Structure formats: structure tokens, C-alpha cells
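Participant: Build me a structure from this.
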Amino acid sequence: MKPEQMTCNFGEHLTIDGYLGSYELLNSRERVLRCLEELPDMLGMKKIADAHVVFAEEDPRASKDPGGWSGYVLIAESHISLHTFPGRGFLSADVYTCKNGMNARFIIDYLIRLFDLAEVETHLIKRGTRYPVRNIQESCRLLQGAR
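Facilitator: The predicted structure follows:
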């Protein structure tokens, strides 16, 4: 096998920061839960646990944390997480999958509609760019046994 064929890209990580969103929508536990329940199915991902959403109270020690809803769902491919800050009209989301070819535009548009975001800042990160295409521990055992 050629060296360039020994590794691949492990997956993709989309980060979305949304601004000037609706206070009511960002402050809705039901809206956050709906997103975490719907999005994996829309993307063809397999949920391996129920979505979990909690309210984080304002932390007077942390000037950046005015409180809001946080939630996540574990998927076979990795996870999706959301954090809302209704008082600041802000949403922070992560969609991380070991699949390649994520439809980032679909996810961004979905979140814009769901939380009425006026602006978004996004980053699509290729993760594990040197991920081995074969189990390296097995190869190491085979090499050690051949000595």
C-alpha cells in the first residue's frame, strides 16, 4: 500500500455561532430538544442515546455566561451539541461526525430557521487527517510475531 493510502480523513466537525437570534426561540427547551431529536435523522445519522437538555443558570463569576439551554445527543458517528444564550441572542453549535461529506449548508440553514438567527459564523474542520485506514495495533502484533 502506498503511504498516501495508509491514512484518511477521520471525519468533519462543523461549528456554528449564531447571532441576533430570537430570545423566545433560544430560551425554549422544547426548541433545543426538537433540534437535537430531528437533526440526526435529517442527516442520516444514528442516535445511540436520547437527547439531553438542561438549563444552565447565570454564573455571576463568569461574565461570558448569562445562562441558557445546553443540550447534546450522542450519535454512532459522534455527537451534536447546542448552547443557547437567549439574553445575548447567541447560539453555539457543534456537529461532529466520522462521516465525510457533511451537508454543512443544510445544517446552517436549518439552525438559522429554527432560532431565527440574523448572522452566523461557521467553520468546517477536517478531523483526523492522518487517521490510519487499518488497525495499527494488529499490524504491530503481526510484525512482532514475524521477528
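Participant: check which helix or strand covers the residue nearest the centre of the chain.
Facilitator: Residue closest to the average C-alpha location in the chain (Cα atoms, centre = their mean): residue 95, at 1.9 Å. Element membership for residue 95 (DSSP states H and E) is strand 90-97.
Participant: Buried by neighbour count: which residues of stretch 59-74 qualify?
Facilitator: Residues of stretch 59-74 classed as buried by neighbour count (16 or more other Cβ atoms under 10 Å): 66, 67, 68, 69, 70, 71, 72, 73, 74. Bear in mind the C-beta positions are built from the backbone N, C-alpha and C, glycine included.
Participant: partners of the fifth one in the sheet?
Facilitator: Applying DSSP bridges to residue 70 gives these bridge partners: residue 54, residue 83.
Participant: list the contacts for it?
Facilitator: Applying Cβ atoms under 8 Å, 6 or more residues apart in numbering to residue 70 gives the contacts 53, 54, 55, 56, 81, 82, 83, 84.
Participant: Could you save those as CSV and add columns showing neighbour count?
Facilitator: Shown next, in CSV, are the contacts of residue 70 (neighbours: other Cβ atoms under 10 Å):
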residue, neighbour count
53, 20
54, 10
55, 13
56, 14
81, 16
82, 29
83, 19
84, 30
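Participant: Tell me if I'm right that the residue nearest to the centre of the chain and residue 40 touch.
Facilitator: No - using Cβ atoms under 8 Å, residue 95 is not in contact with residue 40; the gap is 9.3 Å.
Participant: Need the overlap of contacts for those two.
Facilitator: Counting by Cβ under 8 Å, 6+ apart, the contacts common to residue 95 and residue 40 are residue 80.
Participant: related to what we said a few turns ago, need the max-distance pair from the buried residues of stretch 59-74.
Facilitator: Largest separation among the buried residues of stretch 59-74 by Cβ to Cβ: 66 and 74, giving 27.0 Å.
Participant: Am I right that residue 126 is in a strand?
Facilitator: Yes - counting by DSSP: H, G, I helix; E, B strand; the rest coil, residue 126 falls inside a strand.
Participant: Great, nothing more from me.
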